[in-house]
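> Any chance you could fold what I've pasted below:
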Amino acid sequence: MDLLLVEKTLLGLFFAIIIATIFSKLRGKKFKLPPGPIPVPIFGNWLQVGDDLNHRNLTDYAKKFGEIFLLRMGQRNLVVVSSPDHAKDVLHTQGVEFGSRTRNVVFDIFTGKGQDMVFTIYGEHWRKMRRIMTVPFFTNKVVQRNRSGWEAEAEAVVEDVKKNPEASRNGIVLRRRLQLMMYNNMYRMMFDRRFESEEDALYLKLRALNAERSRLSQSFEYNYGDFIPILRPFLKGYLKVCKEVKEKRLQLFKEYFVDERKKLASTKGGENDGLKCAIDHVLEAQEKGEINEDNVLYIVENINVAAIETTLWSIEWGIAELINHPEIQQKLRTEMDTILGPGVQITEPDTTKLPYLQAVIKETLRLRMAIPLLVPHMNLHDAKLHGYDIPAESKILVNAWWLANNPAHWKKPEEFRPERFLEEEANVETSGNDFRYLPFGAGRRSCPGIILAMPIIGITLGRLVQNFEMLPPPGQDKIDTTEKAGQFSLQILKHSTVVLKPPRSF
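All right, here's what the predicted structure looks like:
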């Protein structure tokens, strides 16, 4: 069996080289392609570039080849844009042309080949899914309905930390408790459910499956089989594990949450609209025939990954930067004491009244952008971009991290300095009003979760700073902020131990 596979692979390589060479010559006459390293047949630039296409590596290529460049990764065209003007064209001016999503062999499994909202192509299905998700998840009414729950979950974190003597002595891995908080924030919204503790059996099962999904999808290990289809047989074991995890997750979502909510709704009969949770609205769309059951489950899948994980990463980065810059932490604490009053706990409406808190959040999202390359875009048809031809179905990456960290556009971008958003960058917002700063993207495919993420981050960081002096563990001067980059993500490598001491008695 192995010999047969090798024979087929070699034959495939032989014919693919001939076809690729002919195709390359024909294309060379037809297209004016963006600059980039010279590709070789079959492999393109993969042997030169490797699998690790993180934001820093792509920044190095941008410095060499320019603000728009092309990488031929096997059979895939990868176009990377690294300037505000190019980003504006991709996301806004030519937002329809570049409004689709490219996926890969692993995301095809986890999203049912784009049956969700985030990874579906631009078109009627995306518009329908976006509309169905907006009312229950992404409006100011949703924020006002859920803010008391977010505040209660943040208060529960504070109380649990205060009860733990280790927190003020040797420190605790605070992320674990914050992860439970984020699950409760989102599951209260989705299903009117919460988990009582980190030891909750269902929570542990859910968290483990989501973590495995994140590991499998964010890894660069499977790129070779995605770029070069003839190598895909070697991914058989990897993709099998992905399918198993996907099936277990969707079954868990269905059995323990979606079906339970259906049963509850059937026993209660008509509900007051004000008492509905998010999944009730989604299930109504299913009953009307607008979406099917798979679409419902993939909406839950999107929220589990896009809302919970990314917000948690940003909170964790914010804590690390505040610990490593105690003068900024103290300045933020002073602002809250001055504007809210000593001991008055921050609430959601307060977050917009605290300019320095907003600046801290903005600076965290600038320097430690959770999705540094945004979610990849794709053009369904041949397109033009700044005078270059972009072949149909090219993967378009916007290096949003470099846009926000390029010293040509920002003063000392390597420094964590919230003051920049009160001084020279006072008019820059997280909503994408400036194409140098796109933590949530911009245009049609921007992240609608901004309306939830900003207040949740503000409440969480605010409550922690109000109630604790956050410090590195004994014997350390700083928290380790080494980065761990994935296919789309930028996480902190080590979930550090944090010492939390009451700054004062109220």
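> okay, now the domains of this structure?
1-30, 31-501 (automatic domain parsing).
> tell me the most buried of those?
domain 31-501 (a mean of 18; mean count of other CB atoms under 10 Å). C-betas here are computed from N, CA, C, even on glycine.
> and that domain, how far apart are its ends?
62 Å (CA to CA, to the nearest Å).
> With stretch 289-298 instead?
16 Å.
> how far out from the middle of the chain is that stretch?
From the chain centre to the centre of stretch 289-298 is a distance of 23 Å (CA atoms, centre = their mean, to the nearest Å).
> ditto for stretch 169-189
Here the centre of stretch 169-189 is set off from its chain's centre by 18 Å, with CA atoms, centre = their mean.
> try stretch 49-56
The answer for stretch 49-56 is 18 Å, by CA atoms, centre = their mean.
> Mind listing residues that contact it?
37, 57, 61, 71, 73, 78, 220-221, 223-224, 369, 372-373, 397, 399, 401-402, 483, 485-487, 490 (CB atoms under 8 Å, 6 or more residues apart in numbering).
> go with 10 Å
Residues from elsewhere that reach stretch 49-56 (CB atoms under 10 Å, 6 or more residues apart in numbering): 36-37, 39, 43, 57-58, 61, 71-73, 78, 80, 82, 219-224, 226-227, 369, 371-373, 395, 397, 399-402, 405, 483-490.
> And stretch 416-425, by the same measure?
317, 320-322, 324-325, 328, 331-332, 355-364, 366-368, 409-413, 426-430, 434, 436-437, 481.
> does the nearest residue to Phe31 once chain neighbours are set aside have beta-bridge partners, and which?
Spatially, and ignoring its direct neighbours in sequence, Phe31 is nearest to Asp389 (4.0 Å; CB to CB, 6 or more residues apart in numbering). Beta-bridge pairing for Asp389 (DSSP bridges): Lys384.
> wait, doesn't Asp389 sit right on Ile68?
No - assessed by CB atoms under 10 Å, Asp389 is found out of contact with Ile68, at 11.6 Å.
> Between those two, which contacts overlap?
Pro34.
> Please narrow the contacts of stretch 416-425 to those residing in strands.
Members of the contacts of stretch 416-425 lying in strands (criterion: DSSP state E): none.
> I would like the residues contacting stretch 291-300, please.
Under CB under 10 Å, 6+ apart, the answer for stretch 291-300 is 110-112, 114-120, 125, 128-129, 132-133, 136-137, 186-187, 190-191, 249-254, 257-258, 278-279, 282-283, 285-286.
> ok, now stretch 127-136?
Contacts of stretch 127-136 (CB under 10 Å, 6+ apart): 114-118, 120, 138, 141-142, 145, 189-190, 276-282, 284-286, 288, 290-291, 295-296, 298-299, 302-303, 444-445, 448-449, 451.
> just the strands in the chain please.
According to DSSP E, the strands that the chain contains are 68-73, 76-81, 377-378, 383-385, 388-390, 395-398, 469-471, 483-485, 490-492, 499-501.
> Quick check: which of these is nearest to Pro165?
Nearest to Pro165 among the strands of the chain is strand 499-501; the distance by CB to CB comes to 11.1 Å.
> Now do that closest one: everything it contacts.
Taking CB under 10 Å, 6+ apart as the rule, strand 499-501 contacts 158, 161-162, 164, 166-172, 174, 319, 323, 464, 467-474, 476.
> With stretch 203-213 instead?
106, 109-110, 176, 179-180, 183-184, 187, 194-198, 200, 241-242, 244-246, 248-253, 256-257, 301, 304-305, 308-309.
> related to what we said a few turns ago, and the contacts of stretch 291-300, which of them are in helices?
In helices, judged by DSSP state H, the following of these are found: 110, 125, 128-129, 132-133, 136-137, 186-187, 190-191, 249-252, 278-279, 282-283, 285-286.
> Ser314: what's its closest spatial neighbour, skipping adjacent residues?
Excluding its sequence neighbours, the residue lying closest to Ser314 (CB to CB, 6+ apart) is Ala370, at 5.2 Å.
> Tell me if I'm right that that neighbour and Ile308 touch.
No - contact criterion CB under 10 Å: Ala370 and Ile308 do not qualify, at 11.7 Å.
> Show me the shaky parts of the stretch 1-150 of the chain.
1-29 (pLDDT under 70).
> what ranges do the helices span in it?
Applying DSSP state H, counting those that start in this stretch to the stretch 1-150 of the chain gives helices spanning 2-30, 46-49, 55-65, 84-88, 105-110, 124-137, 140-163.
> distance of Ile319 from Pro372?
Ile319 is 19 Å from Pro372, where distance means CB to CB, to the nearest Å.
> Actually, Ala152.
From Ala152 to Pro372 the distance is 32 Å (CB to CB).
> Excluding chain neighbours, what is closest to Trp313?
Ala370 (4.7 Å).
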